[in-house]
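*Asks:* here is a sequence together with a model predicted from it:
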Amino acid sequence: MTRSQRLVLVIAVLASFVAFLDGSVINVALPAITAELGGGLSLQQWVVDAYLITLGSLMLLAGSLSDVFGRILVLRLGLIGFGITSVMCALAPTGEFLIVARALQGVSGALLVPSSLALILSTFRGPAQGKAIGLWTAWTSAAFLVGPVLGGLFVDLASWRLVFAINLLPILVTLWLLLLLGERDERMPGVRIDYLGAVLGVVGLGLPVFALIEQANYGLASPVIWVPLAIGVLAFAGFIYRQRVAPSPMMPLGLFRVRNFAVGNAATVLIYGALSLGTFVLAVFLQESGGYSATLAGAALLPVTVLNIALSPLFGSLAGRFGPRLFMTVGPILGGVGFLLMLRIDESADYLTAVLPGIAVFGLGLTITVAPLTAAVLGSISSRQAGIGSAVNNALSRIAGLVAIALLGVIVGSELDLDGFHRGLVVTAVLLILGGVVSAIGIRNASVADDAVSGSGEQARAGGSQQDDVHKRGGDDQLEEQA
C-alpha cells in the first residue's frame, strides 16, 4: 500500500468503528441504565432503537450528501457531531433525554459509514480492494464484539455513563488523520438531495417501530398504536414510490436489478437482524438471569472478536479468488447452528459448558460470512456508485437490527426469562440459516473481477431502463449522471 492508501484504510476503519461500536457497547449497559433511570424493557428497546432509527433511515441521505458536498467533509462533520452527542448521552439526566440524545447520535453516525467505505472503494482496485474490504470488515465487525467488553468494564468499575466516552479518543485520532491525508474532496456535479424521500424514510421507519415497541403497553387495538402504524406504512410506501420517480433518488431502485447486489442485501437483512437480536438477548440474559457482571457478559463474546480479527482478511481474500457464494452459504448456517447450541443455557448459564461452545461456532460462522458478503454486494456495482451502494447496504443492515429489536417484546414477551431467551435464540438461528439459504440460491459465484465487470454491465442496463422513465419526465441531465 502507498502512504495515502494506508491512511485511507485507517481513517475508514476508525470512522466506521465509532458508529458500529456505539451500536453494540450499549447492550451490556442496559440493565444499569434502567436501574438508574427506570423504564424497564421498553426503555432498553428505545435506547437501542432511537439510535438505529436515525442511523438506518438517514444513511441513504448521507450517501447523497457525500456526493454533493464531498466524502471527507461529510466524514469530518459526522465525527464532530458524534463526539458532541456522545457527551450528551453521558450526561443524560432522564431516560427521555437519553433517547433523544441517542437519536441525534444516530444522525451523526449516518454520516460516517457510507463515506468511509466509499473512500476505500475509490482508493483500492482489483485484489487489493478485496483485501482492504476484508481488513475493514474485520475491524469494524470487531467493534460489535469488543464493545460489550469495554462497556462492561466501564459499567462495573465506574458508571454506564462512561460507556459513551469510548468514542472520544478514536474520533480525535480520525480527525487528526484526515488532516494528515490532505486530499481534496471529489464532488459529483448535478446531484440533488432528495429531502422529501428522507422525510418519508424517517417517518416510514420511525412510526412502525414506535408501534411495535409500545404495543405491549397500549395493545394493538389502541389508536396510539394503530394510527402511527398505518401512517408509517403509508409513508414507507411513499418512500419506495419516491425512489422510483425522483430525479436523484437516495436509493436508486435500478441497483437491485444487479443480481448479487439484490440477493446480497436480502441476506444482509436476515443476517444483521439476527446479530442484533441474538447479541441483545444474550448480553441482557447473562446479566439479569445468569448473574454475570457487565464485564463478564461483554467478555462472553470475546472469542468471536478474536476469530474476526484473525480470519476475516483470509476469508475476504478467499472470496476474491473463489467467489463469495460458498462462504455466504456456509457461514450463516454455521452461525445459526452456534445459536442453537446455546439452547443448552439455563439459569446457571455455565460459560464453559453451555455458553462457549455455541459462541465459538457462531464466531467462526460470522467470520466466514462478513467479508465475502460485503465484497459480493459492493463488488457487483461500479466504483462510481460505491457511496450509494455502501449506504444502501449499511442502511439495510441497521434497519434489520432496528426491526429485530422492535419485535423483541413479541418474541420474548414482557420480560426476558429463560423461555423468552430460548425463543430469541431460536429466532436468531432461523434468521441466520435463512440468510445462508438465500445466498446459496441467489448469489452468483464469480470472481471479483468478473463480477465487477458483469455488475457494471447489469447496472448500465438497469440505468438504461431508468433513463427511459426519466426522459419521459424531462430529467435527462440527472439520469445521465446517475447512470
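*Replies:* Sure, I can see it.
*Asks:* where's the residue lying closest to residue 127 once chain neighbours are set aside, which helix or strand?
*Replies:* Distance criterion Cβ to Cβ, 6 or more residues apart in numbering; nearest residue to residue 127, sequence neighbours excluded, is residue 320 at 5.6 Å. C-beta: built from backbone N, CA, C; applies to glycine. Mapping residue 320 onto the secondary structure by DSSP states H and E places it in helix 302-322.
*Asks:* counting contacts, what elements does that helix pack onto?
*Replies:* helix 126-157, helix 325-341, helix 356-378 (3 or more Cβ pairs under 8 Å, 6 or more residues apart in numbering; DSSP states H and E).
*Asks:* which one of those helices is the most hemmed in?
*Replies:* Neighbour counts (mean count of other Cβ atoms under 10 Å) averaged over each of the helices and strands packed on helix 302-322 peak at helix 356-378, with a mean of 25.
*Asks:* which other helices and strands does the helix or strand just after it contact?
*Replies:* The helix or strand immediately downstream of helix 356-378 is helix 386-406, counting by DSSP H and E. Identification of packing neighbours for helix 386-406 by 3+ Cβ pairs under 8 Å, 6+ apart yields helix 40-69, helix 95-123, helix 195-218, helix 259-288, helix 356-378.
*Asks:* could I get the ones you listed as TSV with distance to residue 21?
*Replies:* TSV is the format used below for those (distance: least, Cβ to Cβ, whole Å):
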stretch	distance to residue 21
helix 40-69	12
helix 95-123	10
helix 195-218	22
helix 259-288	13
helix 356-378	16
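*Asks:* can you give me the buried ones in the helix holding residue 320?
*Replies:* 303-305, 307-309, 311-313, 315-320 (16 or more other Cβ atoms under 10 Å).
*Asks:* nearest to residue 391, of these?
*Replies:* If you rank these by distance to residue 391 using Cβ to Cβ, residue 316 comes first, at 20.7 Å.
*Asks:* quick one: the helix holding residue 320 to helix 126-157, angle?
*Replies:* Using axes from the mean of the first three to the mean of the last three Cα atoms, to 10 degrees, the interaxial angle of helix 302-322 with respect to helix 126-157 works out to 170 degrees.
*Asks:* alpha carbons of helix 302-322, as PDB, please.
*Replies:* Taking Å, rounded to 0.1, in the frame of the first residue of the first chain, the C-alpha atoms of helix 302-322 are listed here in PDB:
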ATOM      1  CA  LEU A 302     -14.600 -12.200  23.100                       C
ATOM      2  CA  PRO A 303     -13.900 -15.400  21.100                       C
ATOM      3  CA  VAL A 304     -15.900 -14.000  18.300                       C
ATOM      4  CA  THR A 305     -13.800 -10.900  18.300                       C
ATOM      5  CA  VAL A 306     -10.600 -12.900  18.200                       C
ATOM      6  CA  LEU A 307     -11.800 -15.000  15.300                       C
ATOM      7  CA  ASN A 308     -13.000 -12.000  13.300                       C
ATOM      8  CA  ILE A 309      -9.700 -10.100  13.700                       C
ATOM      9  CA  ALA A 310      -7.600 -13.200  12.900                       C
ATOM     10  CA  LEU A 311      -9.500 -14.700  10.000                       C
ATOM     11  CA  SER A 312     -11.700 -12.100   8.200                       C
ATOM     12  CA  PRO A 313      -8.800 -10.900   5.900                       C
ATOM     13  CA  LEU A 314      -8.200 -14.500   5.000                       C
ATOM     14  CA  PHE A 315     -11.900 -15.200   4.100                       C
ATOM     15  CA  GLY A 316     -12.000 -11.800   2.200                       C
ATOM     16  CA  SER A 317      -9.100 -12.900   0.100                       C
ATOM     17  CA  LEU A 318     -10.500 -16.400  -0.500                       C
ATOM     18  CA  ALA A 319     -13.800 -14.900  -1.600                       C
ATOM     19  CA  GLY A 320     -11.800 -12.700  -4.000                       C
ATOM     20  CA  ARG A 321     -10.300 -15.900  -5.500                       C
ATOM     21  CA  PHE A 322     -13.100 -18.300  -5.500                       C
END
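*Asks:* from residue 365, how far out is residue 161?
*Replies:* Look at residue 161 and residue 365: by Cβ to Cβ, to the nearest Å, they are 35 Å apart.
*Asks:* hang on, the earlier thing: isn't the residue nearest to residue 127 right up against residue 376?
*Replies:* No - if you go by Cβ atoms under 8 Å, residue 320 and residue 376 don't touch, sitting 10.4 Å apart.
*Asks:* residue 345 contacts residue 355, doesn't it?
*Replies:* Yes - at 6.0 Å, residue 345 counts as touching residue 355 under the criterion of Cβ under 8 Å.
*Asks:* tell me which residues of stretch 76-84 come out buried.
*Replies:* By neighbour count, with 16+ other Cβ under 10 Å as the criterion, the buried positions of stretch 76-84 are 76-79, 81-83.
*Asks:* so the helix holding residue 320 versus helix 259-288, what angle?
*Replies:* For helix 302-322 and helix 259-288, the angle between their directions (the same axes, to 10 degrees) works out to 170 degrees.
*Asks:* got the angle between helix 302-322 and helix 325-341?
*Replies:* Our comparison of helix 302-322 with helix 325-341, counting by the same axes, to 10 degrees, yields an angle of 160 degrees.
*Asks:* among the helices and strands packed on helix 386-406, which comes closest to residue 444?
*Replies:* In this view, these are compared for proximity to residue 444 by Cβ to Cβ, and helix 259-288 is the closest at 5.5 Å.
*Asks:* show residues contacting the helix or strand just after that closest one.
*Replies:* Scanning the chain past helix 259-288 towards its C-terminal end, the next helix or strand to appear is helix 294-299 (assignment: DSSP H and E). Helix 294-299 is contacted by residues 28-29, 31-32, 147-153, 155-157, 282-283, 286-287, 290, 351 when judged by Cβ atoms under 8 Å, 6 or more residues apart in numbering.
*Asks:* residues contacting the closest residue to residue 205 other than its chain neighbours?
*Replies:* If you skip the residues right next to it in sequence, residue 205 has residue 57 as its closest partner in space, 4.7 Å away by Cβ to Cβ, 6+ apart. With contacts defined as Cβ under 8 Å, 6+ apart, the neighbours of residue 57 are 110, 198, 201-202, 204-206, 395, 399.
*Asks:* of all pairs in these, which one is the farthest apart?
*Replies:* Longest distance between any two of the contacts of residue 57 is 15.6 Å, between 110 and 204; criterion Cβ to Cβ.
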